[in-house]
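Participant: have a look; sequence and predicted model below, questions after that.
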Number of protein chains: 2
Amino acid sequence: MSTTFTPSLTHDNRIQHAGLRQKVMSAEAAAALIPAGAVLGMSGFTGSGYPKALPQALAQRIEAERAAGRAFDVGVWTGASTAPELDGALAPAMRQRLPYQSDPAVRRQINAGAINYIDMHLSHVAPMAQAGFLGRMDVAVIEVAGILADGRLVPTTSLGNNQAWLDMADKVILEVNAWQSVALEGMHDVYRVALPPAREPIPLTAPGQSIGTMYMECDPDKIIAIIETDATDRNSPFKAPDADSQRIAAHIIDFLQNEVKHGRLPANLLPLQSGVGNIANAVLAGLNESHFEGLTAYTEVLQDGMLRMIESGKLTFASATALSLSPEATEFFNKNIEKFRGRVLLRPQDVSNHPEVIRRLGVLAMNAMIEADIYGNINSTHVMGSAMMNGIGGSGDFARNAYISFFMSPSVAKGGAISCIVPMVSHTDHTEHDVQVLVTEQGLADLRGLAPVQRAKLIIEKCAHPDYRDALRDYLKDAQKVANGQHTPHIMGESLAWHRRFLQSGSMK
Amino acid sequence: MSTTFTPSLTHDNRIQHAGLRQKVMSAEAAAALIPAGAVLGMSGFTGSGYPKALPQALAQRIEAERAAGRAFDVGVWTGASTAPELDGALAPAMRQRLPYQSDPAVRRQINAGAINYIDMHLSHVAPMAQAGFLGRMDVAVIEVAGILADGRLVPTTSLGNNQAWLDMADKVILEVNAWQSVALEGMHDVYRVALPPAREPIPLTAPGQSIGTMYMECDPDKIIAIIETDATDRNSPFKAPDADSQRIAAHIIDFLQNEVKHGRLPANLLPLQSGVGNIANAVLAGLNESHFEGLTAYTEVLQDGMLRMIESGKLTFASATALSLSPEATEFFNKNIEKFRGRVLLRPQDVSNHPEVIRRLGVLAMNAMIEADIYGNINSTHVMGSAMMNGIGGSGDFARNAYISFFMSPSVAKGGAISCIVPMVSHTDHTEHDVQVLVTEQGLADLRGLAPVQRAKLIIEKCAHPDYRDALRDYLKDAQKVANGQHTPHIMGESLAWHRRFLQSGSMK
C-alpha cells in the first residue's frame, strides 16, 4: 500500500453513483420497507461500523406495530457485538441473534429465554450462512463511508461479515455515515472465501499483505434505500491498566523473553492476537515498553494499546477486522489517519479469524476467560454454568490454531467471592487440548507437554489465589482417592459444588 | 500417479544403501543402544506401520535392568494408537505417552496414574514437537518397507509423524519389515509443513493431489541400527454392522440426500472423513449401497468400508495417513495393491488432519462419541469424567473444520444402564460450537442455527433412548425453573448426578 494513495471519496461527495443518489430516504421510510419476521444482516463489530439510524427507526416502528396488535419480530445477524443504537434498540424485538453480543439489554433477554442466541465461532458465521445452514437473509443493513460512481462501497471502521451479507441478502439498505473519515478508503482488504469444492488456498503469508480489493461490492438493483447519517461509533473508554492486569502482563512478557532466549520464538516474536479490555491493553502496554522490536499483529480488533504500539514503531503492522478504539483514540486516529495508512488493514472476519491463516502465521493468541479449571479447561462465556455473558467470539478460532494459546484472568472476582480457578468449569468453550499457557496475577502456568494431574498441580500453585489453594489441593487429593480413574480425577456431583455454593450463598468460600 | 509406476524396491533387496546395510543388527543389540529415560519417537498409527521388534526387545531389557535394581523408563511418542507389540510391551516402562492410544495395558497404567498421558489434537503433535514445546527426542524408531540406494526410505502402512520424528530425533533406528508389500512404494505423499514464520500455504485442493515426495528422508549418519523383521500389522477384525449402526447409517444417508436435494451439498457430496469401528463401517456400507457416485475421502484412516467403496467404484480417491484394515482386508489389499494405486495416498498426519486443508475441502466429518449432552457438547475421551478411554485423536481437527460435523453413538450402553445423552457431559472434548448433527439409532438432530434450549428439546426427542426421555425432559424443565440464566439452563451440583448414580449403583436409571 503506497502512502500516496488518493481516495476517490471526498467529504462532501459521498454518494457518487447517480442512480443510488435517488434512493436516499429517511431512516423511518427505510424502516417501513422491512417486513415483519425479517432476518437482518447488519454491519458492526464491537462499537464500530454498525448502522446507527435504521435500527432505532425500526425499533420505533416495531413498538408501534405491536401497540396496534400486530406481531413483529426480527432476526439480527452481525459481525459481532455492536452498540446501544443497534443491539440496545432492537433487543425487545429480537427473535434470534447471532453470533456475538455484549449488550446489557440483549444479554437480559437471552438470559430470560426471550432471544434464541446462537453463539458461534466467528470464522464459522459467513461460510455457514452462505452454505444455507442458517436460513435465508432478507435484508442487509450496512454502514459505508461512501459509494463510488461505479457503485463500489467504501467500508467504515469494521468489515466483519459485510460482504457476505451484501452477497446473500435479497435486499440491501445502506447507511452513509458522514462522521466516518473518507480517508478510510484504501484501508480494507475484501477477500471472498468461496464455498467448497471451489475453495482455494488463501494466499496470505504476512499480516500486511493485501490479497483482495479495497471496496465492497453490491448489485445496485438490490439496494432499496440509502440513509444519510452523521453519528459517532461508540466504543468503551480506555481504562488505565490496574495492578492485577500489569502483573499478568509482566508474567507474559517474562515468558515470551524466555521463549526467545531458548530459541522457541523469533526475536520479533510472531503475530500477536489480543482481545479487548483491561488485561489485553496492559499486555500491549507492557510490550510497548519491552525491548521487543518489529512486532506485528494478526488479530480481530485494533484497540488503543495496539494503536500506541504502531505510533511508537514497536508494531510495524496490524491486521484486524475492526477498529475498537476509545473515543480519545478514535479522535487521534481520525486526525492522524495518514500515519496509519500502510500499517493497518481491515479484513472480513472469515479471513481475520480463518484457521488456515492463523495456524500458518503462528499467531500468539492472548484471550481473557471467565474461569479455568485445574485441568486447564476454559469457560469464556457462561456465568455459573447457565447465564450467557457475551459469547465465544473469535477466541476459539485463535486458541485452537495459535502457535501458543494464552488464557488470562485475575485469580478472583467479586472481591474474592469467586475463584477463577475452579475444580471443574461450569461450561467448556476451550478444552484442555487448546490451552498452552494460563496466567493470573499470581503467576503463569506453562502447560505444554503436561498430563492433567501435572497441569492441576501447576495451575493450583501458580495461578490460583492463595485463599483458594488449600481447597483446590483438597479437591484434587479427594478426587485422587475416589475417582474411577486417575487420568483426570474428578468427583461427579462434587465437581461443580463451588458454583452451587456461590449461587446459594454468594461466595465460593 | 501413473499406474505404470515401477517401484525401486524388490522383495529380496530392501536395503539398497550399502553403508546402511552395515548397520543391520538384532533387535536386542539395537535395544541396548537406547539410554534409560529416553524419549522415543515411534512410527505407528492404529495397528499399522509400527515397529514390531525393537519395543519388545527394549521391554525385555528394561525388565532385566529393573530386576538388577537400575531405574529405566521411557517416553513414547507415536502417530496414534499402535498394537500389543509396542504399546502393550512397553506399557510397564512408560513414563510419558502421547498423543493417542487404545491399548488395554496402557489405558490401565494411565488410569492408575502411572503414565503421564498427553492427549493432543493429532494435527498439533508434529508442529508442537518441532517447535520444542514437548522437549527433546532421543531416538526415532521407524518401520520402513525398504531403503533406496540413496538412503531415501519407503514408508509402510502408516505415515503418521514419521518424517517429523526422523527430522528431530538425535538418533534413528529403522525396522525393515519384509511382510510389508514393496508395492507400497509410490503410495505416500510426504510434505513437510515448516514452522512459522516460514510456513507457506499448503497447495492441496483435492484429496487425490500429490504435493510432496513418495519417500521419507533421513541423514544416514543419524541411523544407529537397522533391524530386519517379517511381522504382520495387527488391526482389529471387521465386524458386520449391527442393527443400531445400520439405523444410524440410514439416518445419515437420509440427511445427506436431503442436503443434496436442497442444494446445500453437491450431488457427489464433499470429501468424507470417517473414524474406525462398527458405526463408521455401517455408514460406509450404506453409502456403498446408495445412489451417490464419484465420492472422495479426506480422512485419517482407510478402513474396510472405504476399501470396499474404492473396489466398487463409489469412492474415486481416499487420502489418509494410515491403512487400518482388518486381517482379511489387508490380505485383499496386498494381493490387489495395483488396483489401488492412484486411488489411495497416505500423508503425514499434520497434513491429513490439517485445519487448513480440512476447512478448504469442506470435509463431511463423522465421528463416534462416548456421550453428548442435551445442549450438544461432546465427550469423546472420558468414562464417567475421570477415566481415559483412548483419546481425542483427530476428532477435533475434523469436527471444528468440517463443512458439517456429525457425532454418532448408540443412545444407550451397558444394556441400557448408561444413557449416551446426558444432562451435562462429564468431560468436554467438542463444544456445542463444533457440532452440527447428532445421531443415534433413535434419530438425527440437525442442530444448525439453533440456540441451546432449542437444541436440547430436539436432542431429547430425536436422539435420546425412550427410557431416558422423561428424565431428560424433567431435568430441562427443573433447570429452567431454578437456573441463574435461561441461555443454557443447568442445575449446578445436579447436572452430573447421572454419572454419580452410575458410579454408585451401576446404572444411570
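Facilitator: Sure thing, it's come through.
Participant: wait, isn't A:Ile118 in contact with B:Gly449?
Facilitator: Yes: the criterion here is C-beta atoms under 8 Å, and A:Ile118 meets it with B:Gly449 at 6.3 Å. C-beta: built from backbone N, CA, C; applies to glycine.
Participant: what residues do these two have in common as contacts?
Facilitator: Residues touching both A:Ile118 and B:Gly449 by C-beta atoms under 8 Å, 6 or more residues apart in numbering or on different chains: A:Leu134.
Participant: so the residue positioned nearest the centre of chain A, which of the three states?
Facilitator: In chain A, the centroid-proximal residue (C-alpha atoms, centre = their mean) is A:Gly393; its distance is 4.9 Å. Of the three states, A:Gly393 takes coil under DSSP: H, G, I helix; E, B strand; the rest coil.
Participant: for A:Ile118 and B:Gly449, indicate the residue with more neighbours.
Facilitator: When neighbours are counted by other C-beta atoms under 10 Å in any protein chain shown, A:Ile118 and B:Gly449 differ, and A:Ile118 comes out ahead with 26 against 19.
Participant: mind checking how far that one is from A:Leu269?
Facilitator: According to C-beta to C-beta, to the nearest Å, A:Ile118 and A:Leu269 sit 35 Å apart.
Participant: look up how far chain B lies from A:Val139.
Facilitator: A:Val139 sits 18 Å away from chain B, going by C-beta to the nearest C-beta, to the nearest Å.
Participant: same deal with A:Arg264?
Facilitator: 5 Å.
Participant: on that earlier part again, excluding sequence neighbours, find me the nearest residue to the residue nearest to the centre of chain A.
Facilitator: The shortest distance from A:Gly393 to any non-neighbouring residue, by C-beta to C-beta, 6 or more residues apart in numbering or on different chains, is to A:Tyr100 (4.8 Å).
Participant: residues touching the one you found, list them.
Facilitator: Contacts of A:Tyr100 by C-beta under 8 Å, 6+ apart are A:78, A:80-81, A:119, A:122, A:390-393.
Participant: let's see it at 7 Å
Facilitator: By C-beta atoms under 7 Å, 6 or more residues apart in numbering or on different chains, A:Tyr100 lies in contact with A:80-81, A:122, A:390-391, A:393.
Participant: gap between the nearest residue to A:Phe317 once chain neighbours are set aside and chain B?
Facilitator: Of all residues beyond its chain neighbours, the one nearest A:Phe317 is A:Gly208 (4.0 Å), with distances taken as C-beta to C-beta, 6+ apart. To chain B, A:Gly208 is 13 Å away according to C-beta to the nearest C-beta.
Participant: and the stretch 251-400 of chain A, which residues reach chain B?
Facilitator: Selection of the stretch 251-400 of chain A residues close to chain B by C-beta under 7 Å from any C-beta of the partner chain yields A:264, A:266, A:270, A:355-356, A:359-362, A:377, A:382-388, A:392, A:396, A:400.
Participant: what residues does the stretch 401-509 of chain A put near chain B?
Facilitator: Taking C-beta under 7 Å from any C-beta as the contact definition, the stretch 401-509 of chain A meets chain B at A:401, A:403, A:426-429, A:431, A:433, A:448-449, A:451, A:453-454, A:483-490, A:492-493, A:495-497, A:499-500, A:503.
Participant: quick check on these: which are buried?
Facilitator: Buried members of those, scored by 16 or more other C-beta atoms under 10 Å in any protein chain shown, are A:401, A:403, A:426-429, A:431, A:433, A:448-449, A:451, A:453, A:483-490, A:492-493, A:495-497, A:499-500, A:503.
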